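In: what would the 3D arrangement of this be:
(one chain, ligands or ions: 4)
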Amino acid sequence: MSRTALRICPLCEATCGLTLTIEGTRVTSARGDRDDVFSNGFICPKGASFGAVDGDPDRLRTPLVRRDGELREATWTEAFDAVAAGLRPVVERHGPHAVGMVLGNPNVHTMAGALYPPVLLAGLGTRSLFTASTVDQMPKHVSSGLLFGDANAIPVPDLDHTDHLLLIGANPLESNGSLCTAPDFPGKLKALKARGGTLTVIDPRRTRTARLADRHIAIRPGTDALLLAATAQVLFEEGLVELGELSRHVQGMDELRDAVGDFTPESVAAACDVDADLVRTLARELAAAPTAAVYGRIGSCTVPHGTLASWLVDVLNILTGNLDRPGGALFPQAATDRTPRPAGPGRGFALGRWHSRVSRHPEAKGELPLSALAEEIDTATDEGTPVRALIVVAANPVLSAPDGDRLDKALDSLDFMVSVDPYLNETSRNADVVLPPPPPSQSPHHDFAFNTLAVRNQVRYTRPAVPLEPGRMAESEILARLTLAATGMHGADPSAVDDLVIGQTLGKAVEDPHSPVHGRDPEDLAAQLAGESGPERRLDMMLRLGPYGDGFGVRPEGLGLERLLAHPHGIDLGPLRPRLPQPLKTRSGKIELLPRPIADDLPRLRRAAAERPTGLVLVGRRHLRSNNSWMHNVPALTGGTNRCTVQVHPEDAERLGLRDGEPVRVKGAGGEVTAPAEVTDGVRRGVVSIPHGWGHDRPGTRLSHASTDPGVNVNQLLDGSLLDPLSGNAVLNGVPVELSPLA
Ligand SMILES: Nc1nc2c(c(=O)[nH]1)N[C@H]1C(S)=C(S)[C@@H](COP(=O)(O)OP(=O)(O)OC[C@H]3O[C@@H](n4cnc5c(=O)[nH]c(N)nc54)[C@H](O)[C@@H]3O)O[C@H]1N2
Ligand SMILES: Nc1nc2c(c(=O)[nH]1)N[C@H]1C(S)=C(S)[C@@H](COP(=O)(O)OP(=O)(O)OC[C@H]3O[C@@H](n4cnc5c(=O)[nH]c(N)nc54)[C@H](O)[C@@H]3O)O[C@H]1N2
Ligand code: SF4
Ligand SMILES: [Mo]
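Out: Ligands and ions are numbered 1, 2, ... in the order given. All right, here's what the predicted structure looks like:
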């Protein structure tokens, strides 16, 4: 007997609605939900393999606890006892900062990952927080923090309405988009072209996205900030700056003009390897388009000038009047955002409120660079204690961060480590306790993060498609119990965590004159919350307090969980709309065009204009059927072109004596790896490309399929010393490497 159930796909940022076919408790197929208000039936090969990802026999079913040096199956009670016994002595002896937390990418794809880590972090009071953001988009948070006063105010390109899209260092035809949640991104690009719009792609590789473009610029890796600064310079020089409505909201125009004044196209052309005339054309096209959006992603963030490039992306949107207008780049308004406050000066954004212990890296958004995790564990200093215990939730930094070998050793040296992870993999194999969450079919889903980055305002929620198997624990309960165990409340009822958050949130809301529940009784409001679980009650609370919410009865037509449950395919909340000045939280209440830390970093960019790299540089790539480090264990998603090869241009191959398919040795600052060469003119001269997330050959893992074709860990080529100084983001692209044939 089979049945169907709806489930929002958690496998990438596109958040497509899926219709699952379920036999017993097994998901046997997945197709796109045609009635989904946002994805309208779109699905990609990963989503279509939801059942195989979900039902992977290597997923852990019970907790593991290390005994006599070995990880063995244990009960949940034994596991949480071990967590409390492992963490508390470290906190008591060395203080909270000796307990580190590592949060990985899937936390933004689970409800539990959104709702509980902030509570755990606050409860612990540790400053040793490391997340996947600093090997990804931290530069964008920092530039948004500086420009708009809010690190999470990230404008997204209005894909459905723009006339001109300038896409930098992103390959949405494989990634399906990032910091721009758009189901069927490929279809949206085709629709842009069909309505007469133009697409320009800047990427050192001729990607599938680049092949769709009207113009592809194969820039030299790591130099986008120069190109964008020169584009801004041309806009000023040729009188193409037109702020329109924005002029009321910006400050610092003259300073900005002066700051970019010497970045002429001629001064950057050689470094970028892009003709000066082409830079002028880019600027003129941007200015001339009725509407245009500039959008940058991984290739613009994980580079030495990531924050400057991210800042310049928005600067160009602003100078051409495209920020905050339909067809340009707008700020989404998600249903779980707080009710908007009236516009006005805010608290601004601070960087470097504390520093990492060893290399003195400034914090950004409360985080220290993931690149510095190994040294924060393995290096003693005069002041402060090293990280002695680690809580890892949904992260595999041994593969995703620089120098996995060093980190692997560092993890092994910890007093205690707990991983919340469905797999025994390269990272969790070092843990003393592994707490496995259930597969996605058994988990509820709502996109707290991605709805704030979506190209259309909408809200959807799906309950678990399959009931929890016996012996399983919901990830929300795992994280709630972990929070209690880590903060000295081991054994308390996990619902205490939700009650605490609900009490605090409602307590603040009733005191806030701008809240729809101002002046009401928080306990009375709490009693009104709908939902069958802590996460549902918290979702209900956020929806009801939010911009579209019912305000606990104040706006009876408004949103709440019950209304959402009555709309299983979601509720459309309309296209993106102009929102300025409301999102601004800078001290001036304006968009601060040339913030001090940016101005102070510009001399470094100026020096880069004079650099002429001679050797080869490394860039990454993603494959449609993959996802970072954790999907190589699913046979349906591996093989074919999804392989860990070293792409190299035919002329470079010829010069170095490399042959297609034969092993090539790649050396970088952090080490060397050997993988098959793939000779292709899909990469520009001087550039080699290796995908990340491979290297599944460490002992003590349980990845039976992935280990048959392990690939190599590209991040072993990095030593962790290359960072974007403002954001602490790792430099993963444009890194010097040397290639030689394996003798
Ligand atoms: N060289 C290079 N390195 C890169 C990148 C690159 O482009 N080039 N990209 C970077 C980027 S953008 C990112 S986001 C990072 C990702 O870095 P990580 O987040 O460290 O890596 P992932 O492979 O996403 O690993 C996620 C972990 O979560 C586990 N997991 C999967 N589903 C769940 C779940 O539902 N719950 C829990 N608790 N765990 C789950 C997986 O088993 C895996 O162990 O990698 C970065 N590393
Ligand atoms: N199929 C699949 N989808 C995914 C993921 C996955 O692993 N697989 N990962 C998810 C995650 S965590 C993220 S963050 C997103 C990332 O989403 P995207 O940013 O779209 O992903 P990438 O494919 O890494 O695209 C980055 C592009 O930048 C180019 N590039 C490298 N260096 C430079 C440079 O210096 N300048 C310019 N202009 N370009 C450069 C690369 O050649 C590459 O084509 O994808 C998400 N979606
Ligand atoms: S595009 Fe992303 S969200 Fe949509 S089906 Fe594919 S993996 Fe899932
Ligand atoms: Mo990412």
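In: contacting residues around the closest residue to Gly558 other than its chain neighbours?
Out: Spatial nearest neighbour of Gly558, excluding adjacent residues (CB to CB, 6 or more residues apart in numbering): Asp550 at 3.4 Å. (C-beta placed from N, C-alpha, C; glycine too.) Counting by CB atoms under 8 Å, 6 or more residues apart in numbering, Asp550 touches 544, 556-560, 563.
In: what's the closest non-adjacent residue to the residue of the stretch 51-200 of the chain found nearest ligand 3?
Out: Of all residues in the stretch 51-200 of the chain, Asn176 sits closest to ligand 3, at 3.9 Å by CB to the nearest ligand atom. Nearest-residue entry for Asn176: Ala14, 4.3 Å, with adjacent residues in sequence omitted and distances by CB to CB, 6+ apart.
In: what's the neighbour count on that neighbour?
Out: 27 (other CB atoms under 10 Å).
In: check the secondary structure at it for me.
Out: Three-state call for Ala14 (DSSP: H, G, I helix; E, B strand; the rest coil): coil.
In: wait, doesn't it sit right on Ser178?
Out: No - at 9.3 Å, Ala14 does not count as touching Ser178 under the criterion of CB atoms under 8 Å.
In: picking up where we left off before, surely the residue of the stretch 51-200 of the chain closest to ligand 3 is in contact with Cys12?
Out: Yes - shown here, Asn176 and Cys12 form a contact pair, counting by CB under 8 Å, at 4.8 Å.
In: between those two, point out the one with more neighbours.
Out: Asn176 (27 against 22).
In: who are the contact partners of the more buried one?
Out: 12-14, 44, 183, 185-186, 624.
In: check Asp277 too.
Out: Contacts of Asp277 by CB under 8 Å, 6+ apart are Pro265.
In: top of the contacts of Asp550 by neighbour count?
Out: Top of the contacts of Asp550 by neighbour count (other CB under 10 Å): Arg544, with 31 neighbours.
In: which SSE is that residue in?
Out: If you go by DSSP states H and E, Arg544 is part of helix 534-545.
In: CA-only coordinates of the helix or strand just after that helix, as CSV, when you get a sec.
Out: Sequence order places helix 561-565 as the next helix or strand after helix 534-545, per DSSP H and E. Extracted C-alpha coordinates of helix 561-565, given in CSV (Å, rounded to 0.1, in the frame of the first residue of the first chain):
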residue,chain,number,x,y,z
LEU,A,561,0.5,27.7,12.1
GLU,A,562,-3.1,26.6,11.8
ARG,A,563,-3.6,28.7,8.7
LEU,A,564,-0.4,27.4,7.2
LEU,A,565,-1.4,23.7,7.9
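In: so which residue of the stretch 401-550 of the chain comes closest to ligand 3?
Out: Phe450 (9.4 Å).
In: could you check how far the closest residue to Asn451 other than its chain neighbours is from ligand 1?
Out: Spatial nearest neighbour of Asn451, excluding adjacent residues (CB to CB, 6+ apart): Ala334 at 3.9 Å. Per CB to the nearest ligand atom, to the nearest Å, Ala334 is found 20 Å from ligand 1.
In: quick one: contacts for Ala334?
Out: Shown in contact with Ala334 (CB under 8 Å, 6+ apart): 448, 451-452, 454, 457, 459, 546.
In: quick check on it: phi, psi?
Out: Geometry field for Ala334 lists phi and psi as phi -80, psi 160, criterion degrees, to the nearest 10.
In: next SSE after whichever strand or helix holds Leu20?
Out: Under the criterion of DSSP H and E, Leu20 resides in strand 17-23. Going down the chain from strand 17-23, the next helix or strand is strand 26-32, by DSSP H and E.
In: direction included, what does that following strand pair up with?
Out: The pairing partners recorded for strand 26-32 under DSSP bridges are strand 17-23 (antiparallel).
In: buried residues of the partner strand, list them for me.
Out: Residues of strand 17-23 classed as buried: 17-20, 22 (neighbour count, 16 or more other CB atoms under 10 Å).
In: what is the nearest of those to Met1?
Out: Proximity of these to Met1 (CB to CB) peaks at Ile22, which lies at 9.6 Å.
In: please tell me how far that closest one sits from Pro699.
Out: To Pro699, Ile22 is 36 Å away according to CB to CB, to the nearest Å.
In: how distant is the strand holding Leu20 from the center of its chain?
Out: How far strand 17-23 lies from its chain's middle: 26 Å, per CA atoms, centre = their mean, to the nearest Å.
In: how many neighbours does Ser704 have?
Out: When neighbours are counted by other CB under 10 Å, Ser704 registers 12.
In: nearest residue to it in space, please, no chain neighbours.
Out: Distances taken as CB to CB, 6+ apart place Asp58 nearest to Ser704, at 5.7 Å, with adjacent residues excluded.
In: and Glu266, by the same measure?
Out: Ala276 (4.8 Å).
In: the stretch 51-200 of the chain against ligand 1: which residues are in contact?
Out: With CB under 6 Å from any ligand atom as the criterion, the stretch 51-200 of the chain meets ligand 1 at residues 104-106, 110, 132, 135-136.
In: over to the stretch 451-600 of the chain?
Out: Residues of the stretch 451-600 of the chain found near ligand 1 (CB under 6 Å from any ligand atom) are Glu475.
In: please repeat the previous calculation with a cut-off of 8 Å.
Out: 475, 478 (CB under 8 Å from any ligand atom).
In: need the strands for the stretch 451-600 of the chain, in chain order.
Out: 456-459, 571-575, 591-592 (DSSP state E, counting those that start in this stretch).
In: so which of those gets nearest Trp311?
Out: Closest among those, using CB to CB: strand 591-592, at 10.6 Å.
In: each with direction, which strands does that closest one pair with?
Out: Partners of strand 591-592 in its sheet, by DSSP bridges: strand 250-251 (parallel).
In: correct me, but Leu64 touches Thr75?
Out: No - Leu64 is beyond contact range of Thr75, at 11.2 Å (criterion: CB under 8 Å).
In: format the contacts of Asn176 as a markdown table; extra columns: pLDDT and distance to Asn322.
Out: Shown next, in a markdown table, are those (pLDDT from 0 to 100; distance: CB to CB, whole Å):
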| residue | pLDDT | distance to Asn322 |
| --- | --- | --- |
| Cys12 | 98 | 26 |
| Glu13 | 98 | 22 |
| Ala14 | 98 | 23 |
| Cys44 | 98 | 29 |
| Pro183 | 98 | 23 |
| Phe185 | 98 | 19 |
| Pro186 | 97 | 23 |
| Leu624 | 97 | 30 |
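In: which among those end up buried?
Out: 12-14, 44, 183, 185-186, 624.
In: any chance of those residues in JSON lines, with distance to Ser359 too?
Out: Shown next, in JSON lines, are the buried ones among the contacts of Asn176 (distance: CB to CB, whole Å):
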{"residue": "Cys12", "distance to Ser359": "33"}
{"residue": "Glu13", "distance to Ser359": "31"}
{"residue": "Ala14", "distance to Ser359": "36"}
{"residue": "Cys44", "distance to Ser359": "40"}
{"residue": "Pro183", "distance to Ser359": "40"}
{"residue": "Phe185", "distance to Ser359": "37"}
{"residue": "Pro186", "distance to Ser359": "41"}
{"residue": "Leu624", "distance to Ser359": "37"}
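In: nearest to Ala329, out of the residues you listed: which one, please.
Out: The closest of the buried ones among the contacts of Asn176 to Ala329 turns out to be Phe185 (CB to CB; 15.3 Å).
In: quick one, what contacts that closest one?
Out: Contact partners of Phe185, counting by CB under 8 Å, 6+ apart, are 14, 159, 172-173, 176-177.
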